[in-house]
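**Q** Here is a sequence together with a model predicted from it:
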Amino acid sequence: MNAHTALIDRYFDAWNETDAGRRRELISATWANDAAYVDPLLSGNGHDGIDAMIHAVHERFPHHTFRRTTEVDGFADRLRFSWELLTPSGASIVKGSDFGVVESDGRLQSVTGFLDEAPGAA
């Protein structure tokens, strides 16, 4: 497993973690202190903003999980991957692709997300 794949697997662990303390640990290990996330629906800055954003997703989609659907493709400090959001029964309801920039210490500096398939999206 390459470093980018391990980083993104930890990224999904953070998105799926419901225990607030453990989620904060994962965010700290995965994201730079001044990191930023943005997609068409959400944004978060720094560890507090990213944690609040993930918590809001858990409130809106209880017991749903994210999973990576492609290999992590990357070069230098850039990477990309695709994912889906699954209902508790395993049905995929949202799919997307994310693009990230990695800090020299191996943590994410930024992630920009795009929704590839979503209910009501045209």
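**A** All right, it came through fine. Everything numeric in this text was worked out from a predicted model, so none of it was measured.
**Q** If you average pLDDT per helix and strand, which one of this structure comes out bottom?
**A** Every helix and strand in the chain was compared by mean pLDDT, DSSP states H and E; the lowest is strand 73-75, with a mean of 92.
**Q** Can you list the buried residues in it?
**A** Within strand 73-75, the residues that count as buried by 16 or more other Cβ atoms under 10 Å are residue 74. Yep, even glycine has a C-beta here, placed from its N, CA and C like the rest.
**Q** Can you list the low-confidence ranges for this protein?
**A** The chain contains residues with pLDDT under 70 at 1, 120-122.
**Q** quick one: the strands in it?
**A** Here the chain has its strands, by DSSP state E, at 31-38, 43-45, 65-68, 73-75, 78-86, 92-102, 108-117.
**Q** Turn the ones you listed into a markdown table, columns for distance to residue 9.
**A** Shown next, in a markdown table, are those (distance: least, Cβ to Cβ, whole Å):
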| stretch | distance to residue 9 |
| --- | --- |
| strand 31-38 | 14 |
| strand 43-45 | 20 |
| strand 65-68 | 7 |
| strand 73-75 | 13 |
| strand 78-86 | 10 |
| strand 92-102 | 13 |
| strand 108-117 | 12 |
